[in-house]
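A.B. asks: compute the structure for the input listed below.
(2 chains)
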Amino acid sequence: MTETAAIRAEAARLLALFEGQGAQVAETSVLQPAETLLDLYGEDIRARAYVTTDPHMGEAMLRPDFTVPVVQMHMADGAEPARYTYAGEVFRKQEDDARRAPEYMQVGYEVFDRSDPAASDAEVFAVFSDILGGAGLRAATGDLGILLAAVRGLTTTERRKAALLRHLWRPRRFRALLDRFSGRAPQPEGRAALATGDPLADLDAPIIGLRGRAEIEERIEALREDMAAPPIPEPEVALLNDLMSLRETVSNVCEHLRDLAVDLPAIGDAVDRFCARASALAAHGVDIDALDFEGSFGRTTLEYYDGFVFGFYAAARPDLPPVATGGRYDALTRVLGRGSEIPAVGGVIRPELLLAAGGKA
Amino acid sequence: MTVKLGVPSKGRLMEKTFDWFADRGVTLTRTGSDREYAGAVHGIDGIELVLLSAGEIPRELAAGRIHLGVTGSDLVREKLGLWEEKVGELTPMGFGHADLVIAVPKAWVDVTTLDDLDAVAAAFRRHHGFRLRIATKYHRLIRDYLRDHGVADYQLVDSQGATEGTVKNETAEAIADITSTGETLRANHLKILSGGPVHRSQATLFKSRKADWTKEDRYTLAALKDRLGIED
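C.D. replies: Numbering: from 1, shown residues only, chains lettered A, B, ... in the order given. Here you go, the predicted structure:
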């Protein structure tokens, strides 16, 4: 069998396994309208996806992932609850590493079910874990929902929280903002001149472009509010740092998180969800005493996961990208649903990486 | 075999390149009529002159169709992904200096740093329903730079000329372009963000890592480097 044929056969095998879980097969086009994807991911996706133009569709992209079209398909006319599976090529430019394939197969499984999110999280992970079980892969998990709740619970202004939430997926920028908001780093240059008076009064240039005087004045107001706001209390910063650097097994971390929630009550609900998920995972037969939890896991992916996140890695092949990744993306369905939303969780396997990792389950 | 040296085919960049080589005892000349792109090399053997548009030299180096080439360091970084695997910098040449900068309206008194640009981009998207537009022709350099610095909620719009005018024309909110004196930016009521340029460009002699270098070609290169005073 040629390599391509072997990968296709592996994809078909995985697809059949997901169908065996009751998933219906979803078909999506290779050519996707670019606008939705660009609006979601901005320039990051333009750097990573193949953008082309169609005389009627306008700007189009070679499918960079399945999640967005599957969510759109489900939200247009899907019945609830729903389980979908799919197999096909995705296309990603590899600007920084010519050795990585720009075109590869993904086989996925997505669950849209509002009844019990913790149970759905556990179901998806357990299905992946069973399918990948024989391949000797290392699994890692995280929970962006806890970090999001922790930031929302900080004692500070709504603007600072919004800025931190917006950059949760950009760890360096997040760190820089946190240092500044907690008084560890100085204000950026140029701020002092905006502190008093009317900074626009002495302007020797016309206001040009779409961003007008009102928007400039609004931001000056926002900066003044920020300069007057007290720093985020040091104990809260320490707790947030603890959360982000947490590395334990899932069975231990539940207890640890409950301790942290005593000092940071805002994460209480998210911790309850985490512990419910841990129990559900155990009920599915997942060995949570051996399953890793990493507090910052999922912070460097494209920003659509906002809860449970997981990945499976070939421990012996650190050069390979993850064999499988997935997570919960409720917020994505809100953005794409234009008013409606549905809790959703899912993941993808790359069959050629599973083969390379030596994994025949 | 001969070593093919690609140099810009016209304008000041060509003249300065010719001068630079002449100062080091290598004479480059255009031959034939004014309009014919043919040239000759005197003062060293085994080198053939290829006259090309400066913008095409990175691509020709990466394809290995020329062995050596003179072009702006900005163009190599913009046009070639993983440029260091495809070409090597032999020497900066000390002319053609220009900085790639990001500029915003001078009236944006609340914007000094990239940090401000990022915050403004978030607010702009909320107000206007689309991402803040930055007009440029340096898509790769600017995108990488903004990603490295954690700037989000912007979009790049392509502008191949008169980029400084796009803000006034309301086809972009900010620009990223090459400037040497900043005069055009000031004339268009724009100011440069603090924190240094995205890239300091100058004319540079590059070597292709993808070209076929015969033993003879390597001797020629060693002799040329010796003549030009380039150390390994």
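A.B. asks: contacting residues around the one helix or strand in chain B whose mean pLDDT sits lowest?
C.D. replies: Ranked by mean pLDDT, DSSP states H and E, the weakest helix or strand in chain B is strand B:38-42, scoring a mean of 88. Contacts to strand B:38-42, defined as C-beta atoms under 8 Å, 6 or more residues apart in numbering or on different chains, come from residues B:5, B:7, B:26-32, B:47-51. In this view, the C-beta of every residue, glycine as well, is placed from N, C-alpha and C.
A.B. asks: give me the lowest-pLDDT entry from the residues you listed.
C.D. replies: Note: of the contacts of strand B:38-42, the lowest pLDDT belongs to B:Gly32, at 75.
A.B. asks: bridged to the spatially closest residue to that one that is not a sequence neighbour, which residues?
C.D. replies: Spatial nearest neighbour of B:Gly32, chain neighbours left out: B:Ala38 (5.0 Å); criterion: C-beta to C-beta, 6 or more residues apart in numbering or on different chains. As for beta bridges, B:Ala38 partners with B:Thr31 under DSSP bridges.
A.B. asks: what is the neighbour count of B:Ala38?
C.D. replies: By other C-beta atoms under 10 Å in any protein chain shown, the residues close to B:Ala38 number 12.
A.B. asks: A:Ser251 contacts A:Ile288, doesn't it?
C.D. replies: Yes - using C-beta atoms under 8 Å, A:Ser251 is in contact with A:Ile288, at 4.5 Å.
A.B. asks: with neighbour numbers in mind, choose between these two.
C.D. replies: Using other C-beta under 10 Å as the criterion, A:Ser251 and A:Ile288 rank with A:Ile288 on top: 21 against 16.
A.B. asks: quick one: secondary structure of that one?
C.D. replies: Secondary structure assignment for A:Ile288 (DSSP: H, G, I helix; E, B strand; the rest coil): coil.
A.B. asks: what does the pLDDT read for it?
C.D. replies: Note for A:Ile288: predicted pLDDT of 95.
A.B. asks: quick check: it vs A:Gly142, distance?
C.D. replies: Distance, A:Ile288 to A:Gly142, using C-beta to C-beta, to the nearest Å: 14 Å.
A.B. asks: give me the three-state assignment for A:Val262.
C.D. replies: Following three-state DSSP, we place A:Val262 in the helix state.
A.B. asks: partner strands of the strand ranked longest in chain B and their direction?
C.D. replies: Longest strand of chain B, by residue count under DSSP state E: strand B:98-105. The pairing partners recorded for strand B:98-105 under DSSP bridges are strand B:174-179 (antiparallel), strand B:190-192 (antiparallel), strand B:199-201 (antiparallel).
A.B. asks: dump the residue contacts of the spatially most distant residue from the centre of chain B.
C.D. replies: Largest separation from the mean C-alpha position in chain B: B:His127, at 35.2 Å (C-alpha atoms, centre = their mean). Shown in contact with B:His127 (C-beta under 8 Å, 6+ apart): A:Glu215.
A.B. asks: so where's the chain uncertain?
C.D. replies: You didn't say which chain, so I picked chain A. Flagging of chain A using pLDDT under 70 yields the residue ranges A:1, A:302-303, A:359-361.
A.B. asks: was after chain B, sorry
C.D. replies: Low-confidence segments of chain B (pLDDT under 70): B:34-36.
A.B. asks: and if we set it to 80?
C.D. replies: The model of chain B has pLDDT under 80 over residues B:1, B:32-38, B:232.
A.B. asks: per the record, what domains does it have?
C.D. replies: Domain assignment of chain B by automatic domain parsing yields the ranges B:3-96+B:203-228, B:98-200.
A.B. asks: same question for chain A.
C.D. replies: Following automatic domain parsing, chain A resolves into domains at A:1-119+A:129-134+A:343-361, A:137-181+A:234-314, A:184-230.
A.B. asks: including distance to chain B, could these go into JSON lines?
C.D. replies: As requested, the domains of chain A are exported to JSON lines (distance: least, C-beta to the nearest C-beta, whole Å):
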{"stretch": "domain A:1-119+A:129-134+A:343-361", "distance to chain B": "5"}
{"stretch": "domain A:137-181+A:234-314", "distance to chain B": "3"}
{"stretch": "domain A:184-230", "distance to chain B": "3"}
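A.B. asks: just name the most buried of the ones you listed.
C.D. replies: Of all the domains of chain A, domain A:137-181+A:234-314 carries the top mean neighbour count, a mean of 19, counting by mean count of other C-beta atoms under 10 Å in any protein chain shown.
A.B. asks: how many residues are close by B:Asp74?
C.D. replies: By other C-beta under 10 Å, 23 other residues sit near B:Asp74.
A.B. asks: which strand or helix spans it?
C.D. replies: helix B:73-79 (DSSP states H and E).
A.B. asks: and the contacts of that helix?
C.D. replies: Here helix B:73-79 makes contact (C-beta under 8 Å, 6+ apart) with B:54-55, B:57-59, B:61-62, B:83, B:87, B:89, B:92, B:98, B:100, B:137-141, B:178, B:199, B:201-204, B:206.
A.B. asks: do stretch A:41-55 as well
C.D. replies: Taking C-beta under 8 Å, 6+ apart as the rule, stretch A:41-55 contacts A:31, A:34, A:37-38, A:59-62, A:64, A:91-93, A:95, A:302-303, B:131, B:140, B:143-144, B:146-147, B:152-156.
A.B. asks: gap between the two ends of that stretch?
C.D. replies: Its first and final residues considered, stretch A:41-55 spans 24 Å by C-alpha to C-alpha, to the nearest Å.
A.B. asks: now swap in stretch A:255-271 and tell me
C.D. replies: Its first and final residues considered, stretch A:255-271 spans 9 Å by C-alpha to C-alpha.
A.B. asks: gap between it and the chain center?
C.D. replies: Using C-alpha atoms, centre = their mean, to the nearest Å, the mean C-alpha position of stretch A:255-271 is found 22 Å from that of the whole chain.
A.B. asks: name the nearest residue to B:Tyr59, sequence neighbours excluded.
C.D. replies: No Tyr there; residue B:59 is Arg. Leaving out its chain neighbours, the residue that sits closest to B:Arg59 by C-beta to C-beta, 6+ apart is B:Lys79, at 6.2 Å.
A.B. asks: cool, A:Glu341 as well?
C.D. replies: Spatial nearest neighbour of A:Glu341, chain neighbours left out: A:Arg334 (4.2 Å); criterion: C-beta to C-beta, 6+ apart.
A.B. asks: do a quick rundown of the strands in chain B.
C.D. replies: B:3-8, B:27-31, B:38-42, B:47-52, B:68-72, B:87-92, B:98-105, B:132-136, B:154-158, B:174-179, B:190-192, B:199-201, B:203-208.
A.B. asks: how about chain A?
C.D. replies: With DSSP E, the ranges of strands along chain A come out as A:24-25, A:31-33, A:51-54, A:58-62, A:82-91, A:103-112, A:137-143, A:247-249, A:292-294, A:308-314, A:324-328, A:344-349.
A.B. asks: so which of those comes closest to A:Ala12?
C.D. replies: Of all these, the one in closest proximity to A:Ala12, counting by C-beta to C-beta, is strand A:82-91 (7.0 Å).
A.B. asks: helices and strands around the closest one, which ones?
C.D. replies: helix A:3-19, strand A:24-25, helix A:67-77, strand A:103-112 (3 or more C-beta pairs under 8 Å, 6 or more residues apart in numbering or on different chains; DSSP states H and E).
A.B. asks: dump the first one to PDB, restricted to CA.
C.D. replies: This points to helix A:3-19. Written as PDB, here are the backbone C-alpha positions of helix A:3-19 (Å, rounded to 0.1, in the frame of the first residue of the first chain):
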ATOM      1  CA  GLU A   3       1.600   5.900   2.100                       C
ATOM      2  CA  THR A   4      -1.400   7.900   0.900                       C
ATOM      3  CA  ALA A   5      -3.500   4.800   0.600                       C
ATOM      4  CA  ALA A   6      -2.400   3.700   4.100                       C
ATOM      5  CA  ILE A   7      -3.400   7.100   5.500                       C
ATOM      6  CA  ARG A   8      -6.800   7.000   3.700                       C
ATOM      7  CA  ALA A   9      -7.400   3.500   5.100                       C
ATOM      8  CA  GLU A  10      -6.500   4.600   8.600                       C
ATOM      9  CA  ALA A  11      -8.900   7.600   8.200                       C
ATOM     10  CA  ALA A  12     -11.700   5.300   7.100                       C
ATOM     11  CA  ARG A  13     -11.000   3.000  10.000                       C
ATOM     12  CA  LEU A  14     -11.200   6.000  12.500                       C
ATOM     13  CA  LEU A  15     -14.300   7.400  10.800                       C
ATOM     14  CA  ALA A  16     -16.000   4.000  11.200                       C
ATOM     15  CA  LEU A  17     -15.100   3.900  14.900                       C
ATOM     16  CA  PHE A  18     -16.700   7.400  15.400                       C
ATOM     17  CA  GLU A  19     -19.800   6.300  13.500                       C
END
